[in-house]
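Undergrad: Have a look; sequence and predicted model below, questions after that.
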Amino acid sequence: MAKGVFPINKFQQLQTPFYYYDTELLRKTLQAINTEAAKHEGFVVHYAVKANANPQILRTIRQAGLGADCVSGGEIEASLRAGFPATKIVYAGVGKSDWEINLGLDNDIFCFNVESIPELEVINELAAQRGKTARVAFRLNPNVGAHTHANITTGLAENKFGIAMRDMLSVIEEAKTMQHIKVVGLHFHIGSQILDMGDFEALCNRINELQNLLEQHRIVMEHINVGGGLGVDYQHPNRVPIPDFKDYFDTYAKKLKLRPGQTLHFELGRAVVAQCGSLITRTLYIKKGATKQFCIVDAGFTDLIRPALYQAYHKIENITSEETAQSYDVVGPICESTDVFAKHIDLNACRRGDLLAIRSAGAYGEIMASQYNCRRLPQGYTSDEL
């Protein structure tokens, strides 16, 4: 989706800010995922719904045959509405409430990724009340670091996620005593926006160690789930619109020693949808300060919180100007100093009414929008609609 290929005439008729999704790019991304995963026996891909739950996006992903990775009851409901088979839904999260667990049980979802003994006990109790057996995988905290932002690492001992490795055997043994629990696998996730394959290799090495230990106790798991985490190129969305799924899947195929008959599950989110989405916003004012000029737009961190929350970079383009570039701070209207999308960036000269595209916003954009300052939630449109 290079600069200039947006349907600008149609954009002019829409109220900004809004999200625009290039479904052609999304389908090409899904095709790349399926092509590369299919090269390896037993690879199963789920989409991490928390990245983007736009109904049109979910339906497109479901049509490609991916499963759904959910972290709330609401995400399970959204996945079922989009047509994902319950047999392809996995449910993770450190704080599953009773109604959410019951929702998963009532729909016979594929698996609960369990993160503590107290949670396991509650799932067993609720399953007993329904006369059902819950399929569970234990999320282990592998204490593997990831080269990413500190706020999106999840695999260190200090993080709230998962069961400590030292407790793995005792937890599995305790689960064997529960009549309404069936242990089917192990689950891992070390973080997000990871571009260094060495981080995934480190996870493979740790899983290999744990599998060897389990075999000494005559335990072989049916499924291994390595989560997701593959990042995207925020700097060059036009040049690198589709992540390197070949390198990603090949890393696991080469480094992870699966046992005969084991399936390997992935939970990709950002890598699936980030590059197909842009936040479209309109220039309200150009304000010249003592040392800089501000391009004040009608989108704020209520629409895209990543720059304020993670100091995340998003490429910004003025898609309605061909004038000589000038330097701007691009800021929103929220009454907070952190409502800044970018500082000191070059844009084609901006005027009131110009449309800006904030790129690579398909993941953790629309889904994280809020109504702070009583602002309206942004609408989402796909290229299929426009």
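TA: Sure thing, it's come through. What you see is a predicted model; the values in this text were computed from it and never measured.
Undergrad: and the helix or strand of the chain with the lowest mean pLDDT, what does it pack onto?
TA: Least confident helix or strand, the chain: strand 163-164 with a mean of 87, by mean pLDDT, DSSP states H and E. Packing partners of strand 163-164 (3 or more Cβ pairs under 8 Å, 6 or more residues apart in numbering; DSSP states H and E): strand 134-141. Glycine gets a C-beta too; all of them are placed from N, C-alpha and C.
Undergrad: starting at the chain centroid, how far to the strand it packs on?
TA: 20 Å (Cα atoms, centre = their mean, to the nearest Å).
Undergrad: hang on, the earlier thing: contact partners of the least confident helix or strand of the chain?
TA: Applying Cβ atoms under 8 Å, 6 or more residues apart in numbering, the contact partners of strand 163-164 are 114-117, 138-141, 157, 171.
Undergrad: for stretch 306-313, same thing?
TA: For stretch 306-313, the surrounding residues in contact (Cβ under 8 Å, 6+ apart) are 149, 151-152, 234-235, 301, 314, 336, 338-342, 361, 364-365, 368.
Undergrad: follow-up on the earlier one: now rank the contacts of strand 163-164 by neighbours and give me the top one.
TA: Within those, most neighbours by other Cβ atoms under 10 Å means residue 114, with 28 neighbours.
Undergrad: separation between that residue and residue 185?
TA: According to Cβ to Cβ, to the nearest Å, residue 114 stands 10 Å off from residue 185.
Undergrad: which residues are common contacts for these two?
TA: 137-138.
Undergrad: got the angle for the helix or strand that residue 170 is a member of vs strand 134-141?
TA: Using DSSP states H and E, residue 170 sits in helix 168-176. Interaxial angle of helix 168-176 relative to strand 134-141 (axes from the mean of the first three to the mean of the last three Cα atoms, to 10 degrees): 170 degrees.
Undergrad: List the buried residues of helix 168-176.
TA: Residues 168, 171-172, 175 are the ones in helix 168-176 that count as buried (16 or more other Cβ atoms under 10 Å).
Undergrad: And stretch 368-385, by the same measure?
TA: Neighbour counts over stretch 368-385 (16+ other Cβ under 10 Å) mark 368-369, 375, 378, 380-383 as buried.
Undergrad: One more: stretch 206-222?
TA: Neighbour counts over stretch 206-222 (16+ other Cβ under 10 Å) mark 206-207, 210-211, 214, 221 as buried.
Undergrad: before we move on, what SS does residue 322 have?
TA: What DSSP: H, G, I helix; E, B strand; the rest coil gives for residue 322 is coil.
Undergrad: burial measure for it, as a count.
TA: 8.
Undergrad: okay, it: pLDDT?
TA: Confidence at residue 322, expressed as pLDDT, is 94.
Undergrad: So it sits against residue 347, correct?
TA: No - using Cβ atoms under 8 Å, residue 322 makes no contact with residue 347, being 11.5 Å away.
Undergrad: residues in contact with the longest helix along the chain?
TA: Looking across the chain with DSSP state H, the single longest helix is helix 197-216. Surrounding helix 197-216, the residues in contact under the criterion Cβ under 8 Å, 6+ apart are 140, 142-147, 155, 165, 168-169, 172, 186, 188, 190-191, 194, 220-221, 224, 226, 229, 247-248, 251-252, 255-257, 259.
Undergrad: Looking at these, which are in strands?
TA: Taking DSSP state E as the definition of strands, the contacts of helix 197-216 contribute 140, 186, 224.
Undergrad: Format these as JSON lines; extra columns: pLDDT.
TA: Below are the ones in strands among the contacts of helix 197-216 laid out as JSON lines (pLDDT from 0 to 100):
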{"residue": "140", "pLDDT": "92"}
{"residue": "186", "pLDDT": "96"}
{"residue": "224", "pLDDT": "98"}
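Undergrad: are any of the contacts of stretch 306-313 buried, and which?
TA: In the contacts of stretch 306-313, burial by neighbour count holds for 152, 234, 301, 314, 339-342, 361, 364-365, 368, counting by 16+ other Cβ under 10 Å.
Undergrad: What is the nearest of those residues to residue 40?
TA: Nearest to residue 40 out of these is residue 152 (Cβ to Cβ; 26.5 Å).
Undergrad: Check the closest one and give its pLDDT.
TA: Confidence at residue 152, expressed as pLDDT, is 39.
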